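Student: here's my sequence, what's the structure:
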Amino acid sequence: MPSTVTLALPKPANTGTPDLTGRTSRLPWWAPALVFLLALGAYANSIPNHFAYDDYGVIVMNPTVQHNLWYAVWNQGYWPKKNGMKPDILFRPLTILTYIMNHATTPHLFWPYHLVNVILFGLVAVLVAMLAWRLTRHAGVAVAAGLIFAVHPLHTEVVANVIGRAELLAALWALCALLIYLPPGDMPAGPDQRRGWWHGVLVSACMVLALFSKETPAGLLCVFPIIDIWRWSNWPADARIKLRRWLSGQALRYYLPIWLGFGLYMLLRLHAVGLMSNDHMTSPVVNPLMAATIGQRIVTPFMLLGKYVYLFFWPVHLSADYSAPSLMPTANWLNPMVLLGVGVFSAVVLAVVTYWRKNPPVAILCVLLAFSYGLVANVLRIGTIFGERLFFWPSVFLTILLCIAGKEFLAHAPRLTRPRAMKLAGAALAALVLGAMLVRTVRRNPVWHNNISIALATAQDNPNSARNCAWAGTVLIANTKAHWMHQFGARLLRRSIRLYPTYSAPYWTLAHYDLQHQRFGPGLINLATAAAYRPGFTSTRWHLNHAVVALMRAPLKSVVAQTKSYLAKHQLSARAHFAYGFALIAAKRFAPAKAQFHAALRLRPMYAEALAQLGLVQASMQQYRRAVADLRCYVMHDPYDGEARCALAHALMQLNPKQFPTALAEARMNLTRARILLPHYAEVRQLEDLFRKKQSQRQTLPKVRQKRRSVAVRTAMASPAM
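Tutor: Below you'll find the predicted structure:
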């Protein structure tokens, strides 16, 4: 009888990576299709939405988009200039180009914008599933990560709001760069899997496209070397080469083209928007960290991390705005959200240290999560303190980590029951969670239908945000006709004032609302208060000029009587004197108005707008010398008011050139600054024509005088001697 030969299969080399149950050599074809279709289904009801919230500022009011100026995206910021100034340092030309293409093909339709967003989100969800599979080689983890990401309600602001396309494009190209950079084999693969030089160029191109979409993927620039060190440290000892040699080869192949692409991005960015943001344009209401202490700057990022993680696991109360005082900086380490954030941060650091060799995918995902959160943590101050869309990129890695944790729990849970029953229970729980998130997402999408729907929703979701209440109240008053909505909007504006008394936005809207309903006393008081809290802006001058026009159409006797009655009860109020003086300006009683502004400045010497109004009144009374002095002090204190510079230039041009020989030069300087602040302002062009006329007269006058003098001399010489 022949002997039986037993073949012993060789054991795989121990690389530190545990054998994961369910590992597959290829992701099933139906997995990406399922994720993509579920993403489309979850956000299909957002396609009929209109523009809402910041869509108007970035798309509707952006001349680059409306006039299809595709070549202008390389030398302009993301937001159009406001009052002649760059409102921020955001540089996203690729995102603006997609808006231009939408507008060029379907200029009067809204649904194509949303359709593009939904398709982009489906692609991002598919790439999330592919990244999960590439790191774990586990189809269950990949499918679960893609499905959770596809239906998560925290992403509604990104997908249902058109300007969320910046996050979508950035995540799409950053995931492409990451997937191309990772080796195709098992993680972490050995050094023998080399690819051509074009591979580094392809990764660099994807990174540049991601940065041209939004700034958040910039953390990957630091993650790429960490990935290489991570791979090197997990190789078998017999396959490991020297770290310096490995990193040198990677530097020539990958780091050099990536950083060259980043250098190109920075050059274009510096040319278009500069390097540092202008804190003058960021309100402390939107980002209270603008005035935070050092302790608050250290503790608050942990609180924000706790808030993001809380919303990720419990996305019930969502809001389009989280400004002050609903979310304020804190230095209290015992704050519940701070404790949660510290716990999450500690868990991430511990996971990197613990699982660097035991479970490398977990370690590198924690590194990616940390670097992706770094740019939105407000360690470096950004335009807002908190926003659901800001966590879109970090949520990619948190979702995959959550799915890996779920798989490990099912694999290593105590065997109190049969394994099959445990798997069925886990699948049922996962289906229940997915269904609940899908329902929440589908119900959240119509909230972003238009400004009225989002205003009503945010007023209910986050009534403790001053900016939110002010914006919602303004929308309900300006964009609706129902009386009850106007009353509700007025209540929201008053609530905004109670929440943040120094926030000027609700005062402006309330002032115009009261003036429209002929409540002149309260309206002018609100106008004076807003001018006191937001001096030096062209928008302030616009509101004041608009109020003058509205008052001139009203019964001026009633206007003056109401403000005079209020002044009689508040003699020591600078705002009351300002309001009464403003009413007198509308009645063209400039002399008593001048006295009222003087009284307001005596009561409140730093009342900048009272000083500006005093200068304008003196210019109207042709007291140009005094007007120049007052307006000059005003523009030195508040240099961003273009109309005030126009008024100062006009007053300077009226001065006697003999007594004030430098007046025209100073007028030209102010007109140049006004041209920068107000590039499309008609009055600037008129004043420039007047300046050229004055300058030509000043150059012609000496020649005329010299000609007259020479004629007189010749006449005297030709006359006969006496």
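Student: which pLDDT value goes with A171?
Tutor: In this prediction, A171 carries a pLDDT score of 96.
Student: right, I mislabeled it, should have said K11
Tutor: For K11, pLDDT reads 41.
Student: please renumber so the chain begins at 7
Tutor: I'll keep to 7 as the first residue from here, and by that count the last item is K17.
Student: where does this protein dip in pLDDT?
Tutor: Along the chain, the model assigns pLDDT under 70 to residues 7-31, 88-93, 191-201, 244-245, 281-287, 419-425, 542, 544, 705-728.
Student: which parts of the chain are strands?
Tutor: With DSSP state E, there are no strands along the chain.
Student: measure the spatially most central residue of it to H277 for me?
Tutor: The C-alpha lying nearest the average C-alpha coordinate of the chain belongs to G389 (Cα atoms, centre = their mean; 5.2 Å). Separation of G389 from H277 (Cβ to Cβ, to the nearest Å) stands at 21 Å. Backbone N, C-alpha and C define where each C-beta goes, glycine included.
Student: likewise for V134?
Tutor: The value you get for V134 to H277, if Cβ to Cβ is used, is 34 Å.
Student: those two: which is more packed in?
Tutor: V134 (27 against 11; other Cβ atoms under 10 Å).
Student: you'd agree that one is up against L153?
Tutor: No: counting by Cβ atoms under 8 Å, V134 does not reach L153; the two are 9.7 Å apart.
Student: what sits in contact with each of those two?
Tutor: Listed as contacting both V134 and L153 by Cβ atoms under 8 Å, 6 or more residues apart in numbering are V41.
Student: now do the contacts for the nearest residue to N51 once chain neighbours are set aside.
Tutor: When the adjacent residues along the chain are set aside, N51 lies closest to N451, with 5.0 Å between them (Cβ to Cβ, 6 or more residues apart in numbering). Contact analysis of N451 by Cβ under 8 Å, 6+ apart lists Y49, N51, S52, N55, T162, V165, A166.
Student: tell me the contacts of the fourth one?
Tutor: N55 sits next to F116, W117, H120, A166, N451, P452, W454, H455, N456 when contact means Cβ under 8 Å, 6+ apart.
Student: phi first, then psi, for it.
Tutor: phi -60, psi 160 (degrees, to the nearest 10).
Student: ok, the nearest residue to it once chain neighbours are set aside - contacts?
Tutor: Spatially, and ignoring its direct neighbours in sequence, N55 is nearest to H455 (4.9 Å; Cβ to Cβ, 6+ apart). The contact partners of H455, taken as Cβ under 8 Å, 6+ apart, are P54, N55, H56, A58.
Student: compare the residues you listed and tell me which is most surrounded.
Tutor: Each of those was scored by neighbours using other Cβ under 10 Å; the highest score is N55's, at 25 neighbours.
Student: now that residue: how far from E689?
Tutor: 39 Å.
Student: likewise for V481?
Tutor: V481 sits 30 Å away from E689, going by Cβ to Cβ.
Student: what subset of the contacts of N55 is buried?
Tutor: F116, H120, A166, N451, P452, W454, H455, N456 (16 or more other Cβ atoms under 10 Å).
Student: would you confirm that I169 contacts D60?
Tutor: Yes: I169 lies in contact with D60 (Cβ under 8 Å); the separation is 5.0 Å.
Student: neighbour count: these two, which is higher?
Tutor: I169 (24 against 14).
Student: could I get the contacting residues of that one?
Tutor: With Cβ under 8 Å, 6+ apart, I169 has these contacts: Y59, D60, D61, V64, I65.
Student: of these, buried ones?
Tutor: Y59, D61, V64, I65.
Student: does the first one touch I460 like I think?
Tutor: Yes: Y59 is within contact range of I460, at 5.8 Å (criterion: Cβ under 8 Å).
Student: overlap in contacts, the two.
Tutor: With Cβ under 8 Å, 6+ apart as the test, Y59 and I460 both reach A326, W454.
Student: neighbours around L677, how many?
Tutor: 22.
Student: what does A589 give?
Tutor: 29.
Student: can you get me a residue count around the nearest residue to it once chain neighbours are set aside?
Tutor: Excluding the flanking residues, the one nearest A589 by Cβ to Cβ, 6+ apart is T569, at 4.4 Å. Using other Cβ under 10 Å, T569 is surrounded by 28 other residues.
Student: wait, isn't T569 in contact with I591?
Tutor: No: T569 is beyond contact range of I591, at 11.2 Å (criterion: Cβ under 8 Å).
Student: from R275, how far off is F155?
Tutor: Distance from F155 to R275, by Cβ to Cβ: 29 Å.
Student: neighbour count for those two, which is higher?
Tutor: Neighbour totals were compared for F155 and R275, and F155 leads with 28 against 21 (other Cβ under 10 Å).
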